[in-house]
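Engineer: just need the structure, nothing else, for what follows:
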Amino acid sequence: MWSQPSPIHALVGAGDILSAATAGGIVLWDLSSERARHVTTAQGLPTQIALALDIPPDRDELEVATTNGFARGWFDGGWRTFGARNDDKGLALYSCMARPGGRVVAGGSYGLLLAWNQERLDSLRVPTRSGRVVSLAFWNAWVDAAATRNSSLWNKPAIPPADLAPRVLASGDAVDSLQHSGEPPFPVGLVAGLDNDGLWLLRSSGSWVRWLRFVQEDGLPSHRVRHVRTDSSGRLWVATDAGLAWIGADLRVHSFAGHPVLGRRIHALTEGADGLLYLGLDDGLARFDPNRPDETAARIPGVSGPIVALAITFDALWFSDGNTIASLTGHQLPLPNGPATNYGLALLAHRDTLWVGHPFGLASTFTEGAWVPWGANEGLPADDITSFLHREGKLYAGSASSGLFVLAGPNTGPSFPRLDSSHKASSGRLSFNPVAGAPLQISTQANARGSHWVGGSSGLSVRRGLTWEGFPLWPGASEVVDVLSVGDTLWVSGSHAGVAYHDGRTWIVPPCASEFAGAHFGRLSRGADGRIVIATDRGIAWWDGLNVIRLPGSPSDSVTDIQMWGTTIAAGTHRGLWVLDPHGVWRVFGVLDGLPGAQIRALDVDANGSLWVGTTRGIGLMQPLAPDANPARHQPPDSPMRRSAVRTTSDTAPQAEITMSATSVSLYDVRGRLVRQLEATSEGTWLWDARDSKGKLVPSGVYYARSLPTNPIRRIFVRH
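Structural biologist: Numbering: from 1, shown residues only. Model prediction:
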């Protein structure tokens, strides 16, 4: 969930204190005194994007994991940071767990674990190839049982290796694997849940570090772990994207395959004061007795999903769907009405005007050097403005949870009325209002049939004329992150359900490379040549006409937004702006290149071809890249970005000449359907007369040639 633009990523409660990690900083509430504080970079947070947080059991302090290092602080006083950098390229941390005595353990990419004890930073790595540590727990019951079975092994004092002396890491230092004498910074019983590599249990942290791994072969429903939690009875509970499991002191895994509640994707779990376990599901909230899970697991009525974060305070269970925070007692906490002024969720560059979406309802225009705020006085909600669309002289603004708003024209008066609709529709199991659903993304291109497409966490809806209608998604999909109209074809990214397109009759889900299994699919963009690229939390995905594969050479980190920029591609990440130049070479830009911040949140291209870049530290503008003086050295001979030349040999039948080393060549249309198998006319040369296997001329458009055995792709443009 952290890679989405939704502001709320995590919750934590302790006594009467509740705190939220958001995409616009952190918020603390004292529920007894009704006091609240919003902490951003202006108050010392290393970045606006907070991903995880925890409160120690023995002190008033909040520990925060961010995309730029670690921070700790409280309602009053200053905030301390570690692992942060001024260029926003510090350590990206996705989980944290507070320990007594001011200690905290945090998890990052490639299995990185950090232990911060006052001013000392220690590190250790889970032996994984690529997993991110998204959840942490300490399993006391297993440690006690293991110590009873073999005290000589499990009570052995930690002995540091002779070649690793104690060391204190300063901010910005490289992180090495360290151990110190005395109590180990990473205690036996530490549990790390990885987003794509199962569950890891630390069995020994002395001179030899020993890990025990649990994956599907050991009984877990999936190796994609989302949350781990121990209960008061000493069991370890594991939430995955395919269901729930628990592990006892004997290290046996128990799962709930096929269970209607416990056998589905689970985002978060926690134990309530009543001894029951609560689960955040894709479509609501559930609870059960951990001693009788099969018999007692049931949904809580009146709560819709997805529920991505849970927390317990003295008198309530709090939950969040990524946009709002509420409790089972019926209370709802408002987010601060006014974020840091340099933060934007959405950008739209339209002629000489730049529109900016902010997390809590502020949109602005920039015309000839003057900023004009748009907010509650103009009819916008105190809510995330996640998307914009100019169409037919109107400006549409999509908000996270309050609906779709329209401005008839910037010069007609400061009013953003909401597009109301009484129509209720169903998408899968969810009942939703296509206007008031949340969050909203608007099609960035006009549909050939004059339709408006709007999607969000409640599904997809279409406006034809004056009425809204619900539009069912493909099986397994319930959430829409972005929509893209291409003529009569509609492309939709469905978060963890992947990406699909509707050809006017049915949904088609193109095959996806295994490295994107379980990934979050976000923003979509299409170039003039028909290429469609997709931002995911595993890098850039590219539809090659048949399959969804990784764009060669692209970043493997989470991509927050993506734009086709003329003949190039621009991708925003948490560590800079990646640009594919006209010769196929990726270049990375950051604060040293003039950007105000390295954590990119939004991108858009204006009518002059300039790229507007929204970051967590302001807005930047980039001119089109100049071609390199030596283009020949940049383009691999079989790059999938190349296209074949098209030449006309007669007045009626254009003919494409394809040069590629292959034993056979197959032609496909943009929907992935086989058009024709070609035969070679000479070594390495293939000709196509723009006819299908039945001899009929194909329509004008884009086609793809795939060769065997090396599988390179060529694009062919047919024009009659």
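
Engineer: go through stretch 377-386 and flag the buried ones.
Structural biologist: Buried residues in stretch 377-386, counted by 16 or more other CB atoms under 10 Å: 378, 379, 380, 381, 382, 383, 384, 385, 386. Every residue, glycine included, has its C-beta placed from N, CA and C.

Engineer: so which of these sit within strands?
Structural biologist: Those of the buried residues of stretch 377-386 mapping onto strands are 385, 386, per DSSP state E.

Engineer: show me where the stretch 201-350 of the chain has strands.
Structural biologist: 209-214, 225-230, 236-240, 243-247, 253-255, 266-271, 277-281, 284-288, 298-299, 309-312, 317-320, 325-327, 332-333, 346-350 (DSSP state E, counting those that start in this stretch).

Engineer: tell me the domain boundaries of this protein?
Structural biologist: The record's domain parsing of the chain by automatic domain parsing lists 8-333, 346-624, 646-718.

Engineer: can you put those in a markdown table and add mean pLDDT?
Structural biologist: As requested, the domains of the chain are exported to a markdown table (pLDDT from 0 to 100):
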| stretch | mean pLDDT |
| --- | --- |
| domain 8-333 | 84 |
| domain 346-624 | 79 |
| domain 646-718 | 67 |
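
Engineer: about what we covered before: which one of the strands of the stretch 201-350 of the chain lies closest to residue 537?
Structural biologist: Residue 537 lies closest, by CB to CB, to one member of these: strand 225-230, at 13.0 Å.

Engineer: ok, that closest one: who's next to it in the sheet?
Structural biologist: Paired strands of strand 225-230, with direction, are strand 236-240 (antiparallel) (DSSP bridges).

Engineer: contact partners of the strand it pairs with?
Structural biologist: Here strand 236-240 makes contact (CB atoms under 8 Å, 6 or more residues apart in numbering) with 137, 139, 142, 191, 193, 199, 214, 220-231, 244-247, 265-269, 277, 279, 290.

Engineer: 6 Å - rerun?
Structural biologist: Residues from elsewhere that reach strand 236-240, judged by CB atoms under 6 Å, 6 or more residues apart in numbering: 139, 199, 221-222, 224-230, 245-247, 266, 269.

Engineer: ranking the residues you listed by neighbours, who comes first?
Structural biologist: Highest neighbour count within these: residue 225, with 29 neighbours (other CB atoms under 10 Å).

Engineer: doesn't residue 191 make contact with that residue?
Structural biologist: No: at 9.8 Å, residue 225 does not count as touching residue 191 under the criterion of CB atoms under 6 Å.

Engineer: related to what we said a few turns ago, nearest to residue 33, of the buried residues of stretch 377-386?
Structural biologist: Minimum distance to residue 33 across the buried residues of stretch 377-386 is 22.7 Å, recorded for residue 382 (CB to CB).

Engineer: just checking, the closest one touches residue 358?
Structural biologist: No: at 10.3 Å, residue 382 does not count as touching residue 358 under the criterion of CB under 6 Å.

Engineer: who touches both of those two?
Structural biologist: Joint contacts of residue 382 and residue 358 (CB under 6 Å, 6+ apart) do not exist.

Engineer: looking at the strands of the stretch 201-350 of the chain, which is nearest to residue 88?
Structural biologist: Proximity to residue 88 (CB to CB) singles out strand 346-350 among these, at 18.0 Å.

Engineer: give the contact list for residue 61.
Structural biologist: By CB under 6 Å, 6+ apart, the residues touching residue 61 are 72, 74.

Engineer: gap between it and residue 99?
Structural biologist: For residue 61, the distance to residue 99 (CB to CB, to the nearest Å) stands at 12 Å.

Engineer: swap in residue 390?
Structural biologist: Taken as CB to CB, the span from residue 390 to residue 99 is 52 Å.

Engineer: again with residue 186
Structural biologist: The gap separating residue 186 from residue 99 is 10 Å, by CB to CB.

Engineer: which of the helices or strands spans the closest residue to residue 381 other than its chain neighbours?
Structural biologist: In this structure, residue 381 finds its nearest non-sequential neighbour in residue 402, 3.7 Å apart by CB to CB, 6 or more residues apart in numbering. Per DSSP states H and E: residue 402 is located in neither a helix nor a strand.

Engineer: how many residues are close by residue 402?
Structural biologist: Residues near residue 402, counting by other CB under 10 Å: 22.

Engineer: can you redo the strands of the stretch 201-350 of the chain as TSV with distance to residue 618?
Structural biologist: What follows is the strands of the stretch 201-350 of the chain, written out as TSV (distance: least, CB to CB, whole Å):
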stretch	distance to residue 618
strand 209-214	42
strand 225-230	33
strand 236-240	37
strand 243-247	43
strand 253-255	48
strand 266-271	32
strand 277-281	34
strand 284-288	38
strand 298-299	44
strand 309-312	28
strand 317-320	28
strand 325-327	28
strand 332-333	29
strand 346-350	12
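
Engineer: out of these, which is closest to residue 74?
Structural biologist: Residue 74 lies closest to strand 309-312 among these, at 17.0 Å (CB to CB).

Engineer: what comes into contact with stretch 89-104?
Structural biologist: Outside stretch 89-104, the residues within contact range by CB under 6 Å, 6+ apart are 51-52, 54, 56-58, 63, 65, 67-70, 83-84, 105-108, 116-118, 132-136, 575, 598.

Engineer: likewise for stretch 208-221?
Structural biologist: With CB under 6 Å, 6+ apart, stretch 208-221 has contacts from 198-201, 203-204, 223, 240, 242-243, 245, 253, 255.

Engineer: any idea how far residue 82 is from residue 556?
Structural biologist: To residue 82, residue 556 is 25 Å away according to CB to CB.

Engineer: more neighbours: which of the two?
Structural biologist: Neighbour totals were compared for residue 556 and residue 82, and residue 82 leads with 23 against 15 (other CB under 10 Å).

Engineer: if anything else comes up later, I'll come back, but that's it for now.
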